[in-house]
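Asks: Here's a sequence, model it:
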Amino acid sequence: MASFNKIPMFSNEDYDDWKIRMQANLAAQDDDMWYIITDGPMKILKANKAAITTKGAPQMVETYRSEWTAEDKNKTNLDIIAKDILYKTLDKSMFAKIKTCTTAKEIWEKLTQLCEGNDQTKENKLNVAIKKFDNAKMKPEETLA
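Replies: Prediction:
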């Protein structure tokens, strides 16, 4: 696993830039790191030899931890690594808002919700910005320049 020097620090004002940088940083750590953020922690599966399926494909079940290989352990540890990286980017007040999240995926989703909001919140923010722009007036002492 690669180790890189600078983790982009979280900024609510520059959230869009931070998000892009963090996506690149996390993906650079390991090929599967972004999968952990988007889909959640990896589960190590094996074919259930006791189950018979009608379609010919084996039924998959979780592998017991005692059966994991070193590679399996590294893959399941990616969620912890991703959480650690995300924690290191946050200031105290933002950490307080996500500290109850149990997976890196939950943290990422919470940060997205806090900074971007849902579609209704985005629409409201856009409407407020448009209204402010429409109501902008030049003060008597201001020039066009």
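
Asks: quick one: low-confidence parts of this structure?
Replies: 1-5, 52-54, 118-122, 145 (pLDDT under 70).

Asks: Within the helices and strands, which one has the most centrally placed residue in it?
Replies: For the chain, residue 108 is the residue whose C-alpha lies nearest the centre (CA atoms, centre = their mean; 2.9 Å). Residue 108 is part of helix 104-116, with elements assigned from DSSP states H and E.

Asks: Run the chain-centre distance for the helix or strand that that helix is followed by.
Replies: Sequence-wise, the next helix or strand downstream of helix 104-116 (DSSP H and E) is helix 119-135. Counting by CA atoms, centre = their mean, to the nearest Å, helix 119-135 is centred 26 Å from the centre of its parent chain.

Asks: Just want the angle from helix 119-135 to helix 104-116.
Replies: 20 degrees (axes from the mean of the first three to the mean of the last three CA atoms, to 10 degrees).

Asks: Okay, strands next: where are they in this protein?
Replies: Assigned strands in the chain, in chain order: 45-47, 60-62 (criterion: DSSP state E).

Asks: picking that back up, so what does the helix holding residue 108 touch, helix or strand wise?
Replies: helix 15-29, helix 33-39, helix 78-89, helix 92-98 (3 or more CB pairs under 8 Å, 6 or more residues apart in numbering; DSSP states H and E). (C-beta placed from N, C-alpha, C; glycine too.)

Asks: Let me know which of those helices is the nearest to residue 140.
Replies: Closest to residue 140 of these, according to CB to CB: helix 15-29, at 36.1 Å.

Asks: mind exporting the closest one as CSV, just the C-alpha atoms?
Replies: C-alpha atoms of helix 15-29 as CSV (Å, rounded to 0.1, in the frame of the first residue of the first chain):
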residue,chain,number,x,y,z
TYR,A,15,-15.7,21.5,0.0
ASP,A,16,-16.0,20.9,-3.7
ASP,A,17,-12.2,21.1,-4.1
TRP,A,18,-11.6,19.0,-1.0
LYS,A,19,-13.9,16.3,-2.2
ILE,A,20,-12.1,16.0,-5.5
ARG,A,21,-8.7,15.9,-3.8
MET,A,22,-9.9,13.4,-1.2
GLN,A,23,-11.3,11.1,-3.9
ALA,A,24,-7.9,11.1,-5.7
ASN,A,25,-6.0,10.7,-2.4
LEU,A,26,-8.1,7.7,-1.2
ALA,A,27,-8.0,6.0,-4.6
ALA,A,28,-4.2,6.5,-4.7
GLN,A,29,-3.9,4.6,-1.3
